[in-house]
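**Student:** model this:
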Amino acid sequence: MTVFVAHNQVKLALHTLREGDGPSLLLLHALGEHSPGAVPAEFEAWPGRIFALDFTGHGASTVPGGGGYTAEVLMGDADSALWMTGPATVAGRGLGAYIALLIAGGRPELVRGAILLDGPGLAGGGDRPGPLNIRGVPGRSTTPDPFALVELSSDLRPPDYVTRFAELAALNSGLDPAIAVCGKSRPDWLKAVAATEGVREMGLAEALRAFAGARP
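**Tutor:** Here you go, the predicted model:
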């Protein structure tokens, strides 16, 4: 089942992959991807409901005119989804992992643990400013929006900015750990996050078990 959630002038596609009782899990896809059509095998053991969100410009969500993508815009997408799902563990791949971290710090009362996984868009634009003008955006088509691919792959991620969100999640969520780093890639921002108190490196299965029982 798919419902559309309003975020400013964008309609976000929020998919229910599985109904059920118990804790909720929200999946955030990687850059250029979209929500899976069914529960991925690695998440089958989750004991409750499972949702998946198509970010702005991806999947069945709205493609806005003229670009203007930032990680904070997608953080707003995740925030809108959480107000529909209620408190949930958030698992993100690639770019979705970065958004999962941001929303964990921004909405610790709603995010019951963030799981960070490898995938496209994990590195982003690094920790130093790039060119003032982004050139070479290809012609418009269907999703994923070419502007999203270019702009979000060059999005700035200073480690000291990112670790602040990890610290807020650890301080205000009441969870230990608040964030699980489950991938192998370590861009600079993720190295800094992994060294932050309240963050633990572990396998995905261990993280799912930990957060499934992590209630307020």
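**Student:** need the strands for this structure, in chain order.
**Tutor:** Secondary structure of the chain, counting by DSSP state E: strands at 2-7, 10-18, 24-28, 50-53, 88-93, 111-117, 179-181, 199-201.
**Student:** these into TSV, with extra columns for distance to residue 40 and mean pLDDT?
**Tutor:** All C-beta spots, glycine's among them, are computed from the backbone N, C-alpha and C. Below are these laid out as TSV (distance: least, Cβ to Cβ, whole Å; pLDDT from 0 to 100):
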stretch	distance to residue 40	mean pLDDT
strand 2-7	17	92
strand 10-18	9	96
strand 24-28	8	98
strand 50-53	9	98
strand 88-93	10	98
strand 111-117	11	98
strand 179-181	17	98
strand 199-201	21	98
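**Student:** what's the closest of these to residue 65?
**Tutor:** In this view, the strands of the chain are compared for proximity to residue 65 by Cβ to Cβ, and strand 10-18 is the closest at 11.0 Å.
**Student:** export the strands of the chain to a markdown table and append columns for distance to residue 166 and mean neighbour count.
**Tutor:** Converted to a markdown table, the strands of the chain look like this (distance: least, Cβ to Cβ, whole Å; neighbours: other Cβ atoms under 10 Å):
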| stretch | distance to residue 166 | mean neighbour count |
| --- | --- | --- |
| strand 2-7 | 24 | 14 |
| strand 10-18 | 25 | 19 |
| strand 24-28 | 17 | 26 |
| strand 50-53 | 21 | 26 |
| strand 88-93 | 14 | 28 |
| strand 111-117 | 9 | 28 |
| strand 179-181 | 6 | 26 |
| strand 199-201 | 6 | 19 |
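**Student:** could you dump the ones you listed into JSON lines with distance to residue 171 added?
**Tutor:** Below are the strands of the chain laid out as JSON lines (distance: least, Cβ to Cβ, whole Å):
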{"stretch": "strand 2-7", "distance to residue 171": "27"}
{"stretch": "strand 10-18", "distance to residue 171": "28"}
{"stretch": "strand 24-28", "distance to residue 171": "22"}
{"stretch": "strand 50-53", "distance to residue 171": "26"}
{"stretch": "strand 88-93", "distance to residue 171": "17"}
{"stretch": "strand 111-117", "distance to residue 171": "13"}
{"stretch": "strand 179-181", "distance to residue 171": "12"}
{"stretch": "strand 199-201", "distance to residue 171": "12"}
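**Student:** among these, which comes closest to residue 142?
**Tutor:** Ranked by Cβ to Cβ, the member of the strands of the chain that lies closest to residue 142 is strand 10-18, at 13.6 Å.
**Student:** quick revisit: closest to residue 145 out of the strands of the chain?
**Tutor:** Nearest of those (Cβ to Cβ): strand 10-18, 11.2 Å.
**Student:** then the closest one to CSV, C-alphas only?
**Tutor:** Extracted C-alpha coordinates of strand 10-18, given in CSV (Å, rounded to 0.1, in the frame of the first residue of the first chain):
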residue,chain,number,x,y,z
VAL,A,10,6.1,17.8,-3.0
LYS,A,11,4.1,14.6,-2.7
LEU,A,12,6.2,11.9,-1.1
ALA,A,13,5.4,8.2,-1.8
LEU,A,14,5.4,6.3,1.5
HIS,A,15,5.1,2.6,1.0
THR,A,16,3.9,0.0,3.5
LEU,A,17,5.9,-3.1,2.8
ARG,A,18,4.5,-5.1,5.7
